[in-house]
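Colleague: have a look; sequence and predicted model below, questions after that.
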Amino acid sequence: MKGLMMDSHLTVSSILQYAEKYHKDGEIVSRNVEGGIHRYSYQDAAIRSRCLANALKRLGVTQQDRVATLAWNTHRHYELYYAVSGSGAILHTINPRLFPDQLAYILNHAEDEVLFLDLTFIPLLEQVAPQLKSLKKIVVLTDREHMPKSPLPDAIPFLCYEALIEAESDAYEWPDIDETSAASLCYTSGTTGNPKGVLYSHRSTILHAWASISREALDIGNNNTLLPVVPMFHVNAWGIPYSATMVGAKLILPGAGMDGASLCELIAAEQVDLLLGVPTIWLGLLQYCEQQGITLDPVKNVVIGGAAAPITMIRDFQEKHNAFVMHAWGMTELSPIGTVNSLNRYMSNLPLEARYTLQTKQGRPVYGIEMKIAGQDNQALPHDGESFGHLLVKGPWVATSYYKEDKSPLIDGWFDTGDVATIDPQGYMNIVDRSKDVIKSGGEWISSIDLENAAIGHPALAECAVIGVPHPKWDERPLLLAVLKEDMEISKEEIIFYLSDKVAKWWLPDDIIFVDELPHTATGKILKMKLRESYQGTLS
Ligand code: AMP
């Protein structure tokens, strides 16, 4: 017998419609790419998004067409989030940090005909333009005053975003869309092979946003002021443009200003209480605060994900800025949130040092995500906090396959994340490593993440990476690559001594090489594959 309840569809436009009614005065503050700060309300955003939906129609965009964006976190990008998906087309956010060849590949693969781009990315577009096969129109996200001349052939005209919006009426009826249809598309920043497209549905987007606002997840409410430093060009900025709008939180969009000074300015001026971003951004911010003697007084919580948050960062935020770190884990294929390490009763009762240690774990699954770890034979491993295996997940916002790829990546209905993890009896998941990065030494595994986290606690180190390097006796041994902070000097022996009471003796790196910088992927992760290629002969 079926339940006798309404079956209304969960659509992206419904969030903005709700915000226009119930959070109409809620603010969106955005740092313009042209300079200056733009400030308006959810009601203004809803009105402009309807104008934009009319403009899309005039540009010839129809249902399920892919519409590309190459843009920072700004109010204009926010409007595209709603107008494109809300009108039934598919928002294809592109990561400008991908290599130009990968960029051209995904624009062609998605068959994007219209591209909206920020002024900053015009040189990038010029570089890839000769390879583009489907692109017909380009809209520059600016006003008439800042409109540049197109460097491209006349066949692909440059249109002005503000002029397009001005010309349209705000009378627009958001269509009723099947909730299972695609709303947005984001390509993985794959380190091997071509990037793969993850196609989010309206339903998965809503469920993910709904789950993530909960107290046990990101704890986002109407009273919060959020600063997502996670880019809107990758995994929908962790869904914040949707979740913040659901609750009418004050939303601060940092534009292209992700450096310490720009962030500190926004945090103080707008009284930001919740920050969200990857560890490298916070390293920059914390260093800047230290140099300038600034404390982040309004900030209460900092969500750190995308890479492991070291204990020193967790401690610094707490002890220097009185801000609690919520460590989170996810991936493009998970929309992205899988786990969040939020403050709960269990954690509150722990002594401070034990709490910091617990905070280094990536947390417990948010409601909706199922999680298990499995060994080589695919057998489930115990949740004892010791056994580690391949992390498998399931849930309504987890990808079942990739765009235009027939082969399903699922194993018995589970998605293999490519991460190796432990799960403890309380359900806390801890990422040991990417399965490709774990160091196999004499039949045992060494976690490169744990070693990096231990090393980065040394005050002389700005950044570091540990890789497994082929070794004649042990298969692989750890090699530490270290970037020193400005004006710092230190010997290899001092670092080994520093590590010696923090990790098992057989985990200690066989060698340390000081480098000026480390290579990063388009999403800010260290490109370990490249490091392994460069340093493979160093221990044999
Ligand atoms: P992406 O799809 O680019 O967002 O990358 C997802 C991958 O980033 C995951 O599979 C993990 O390997 C890594 N990752 C994400 N969050 C964390 C975290 N908190 N700690 C360690 N690794 C993480």
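Modeller: Received it, and whenever you're ready, just let me know what you need.
Colleague: Asp7: how many residues sit nearby?
Modeller: 7 (other Cβ atoms under 10 Å). Every residue, glycine included, has its C-beta placed from N, CA and C.
Colleague: actually Ser8, not the one I typed
Modeller: Neighbours of Ser8 (other Cβ under 10 Å): 9.
Colleague: for it, give me the pLDDT.
Modeller: Per-residue pLDDT puts Ser8 at 91.
Colleague: try Glu486
Modeller: So, for Glu486, pLDDT stands at 86.
Colleague: try Thr192
Modeller: Model confidence at Thr192 (pLDDT) stands at 65.
Colleague: buried residues in the lowest-mean-pLDDT helix or strand in the chain?
Modeller: Between all helices and strands in the chain, the lowest mean by mean pLDDT, DSSP states H and E belongs to strand 444-446, at a mean of 88. Residues of strand 444-446 classed as buried: Trp445, Ile446 (neighbour count, 16 or more other Cβ atoms under 10 Å).
Colleague: repeat that for stretch 320-330.
Modeller: Applying 16+ other Cβ under 10 Å to stretch 320-330 flags His321, Ala323, Phe324, Val325, Met326, His327, Ala328, Trp329, Gly330 as buried.
Colleague: what's the answer for stretch 136-149, then?
Modeller: Lys137, Ile138, Val139, Val140, Leu141, Thr142, Met147.
Colleague: if we can go back for a sec, ok, residues contacting the least confident helix or strand of the chain?
Modeller: Outside strand 444-446, the residues that touch it by Cβ atoms under 8 Å, 6 or more residues apart in numbering are Phe388, Val420, Val432, Asp433, Val438, Ile439, Lys440, Gly468, Pro478, Trp506, Trp507.
Colleague: the residues you listed into a markdown table, with extra columns for secondary structure?
Modeller: As requested, the contacts of strand 444-446 are exported to a markdown table (DSSP: H, G, I helix; E, B strand; the rest coil):
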| residue | secondary structure |
| --- | --- |
| Phe388 | coil |
| Val420 | strand |
| Val432 | strand |
| Asp433 | strand |
| Val438 | coil |
| Ile439 | strand |
| Lys440 | strand |
| Gly468 | strand |
| Pro478 | strand |
| Trp506 | helix |
| Trp507 | helix |
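Colleague: follow-up on the earlier one: after the least confident helix or strand of the chain, next one along is what?
Modeller: Going down the chain from strand 444-446, the next helix or strand is helix 448-455, by DSSP states H and E.
Colleague: which helices and strands does that following helix pack with?
Modeller: strand 429-434, strand 461-471, strand 475-484, helix 492-499 (3 or more Cβ pairs under 8 Å, 6 or more residues apart in numbering; DSSP states H and E).
Colleague: out of these, which is closest to the ligand?
Modeller: Closest approach to the ligand among the helices and strands packed on helix 448-455 (Cβ to the nearest ligand atom): strand 429-434, 4.1 Å.
Colleague: could you check the angle strand 461-471 makes with the closest one?
Modeller: Angle of strand 429-434 versus strand 461-471, following axes from the mean of the first three to the mean of the last three Cα atoms, to 10 degrees, is 60 degrees.
Colleague: show residues contacting strand 429-434.
Modeller: 308, 329, 339, 360-365, 371, 385, 388, 391, 418-424, 438-439, 445, 447-450, 528.
Colleague: from Gly368, how far out is the closest residue to Trp507 other than its chain neighbours?
Modeller: Excluding the flanking residues, the one nearest Trp507 by Cβ to Cβ, 6 or more residues apart in numbering is Ile446, at 5.2 Å. Using Cβ to Cβ, to the nearest Å, Ile446 is found at 33 Å from Gly368.
Colleague: where does the residue lying closest to Ile423 once chain neighbours are set aside fall, secondary structure wise?
Modeller: The shortest distance from Ile423 to any non-neighbouring residue, by Cβ to Cβ, 6+ apart, is to His383 (4.2 Å). His383 is part of no helix or strand, with elements assigned from DSSP H and E.
Colleague: tell me the phi and psi of His383?
Modeller: When read as degrees, to the nearest 10, the backbone of His383 gives phi -90, psi 70.
Colleague: could you tell me how many residues sit around it?
Modeller: His383: 18 neighbours (other Cβ under 10 Å).
Colleague: again with Leu59
Modeller: 16.
Colleague: circling back: I figured the residue nearest to Ile423 hits Leu391, correct?
Modeller: No: the criterion here is Cβ atoms under 8 Å, and His383 misses it with Leu391 at 11.9 Å.
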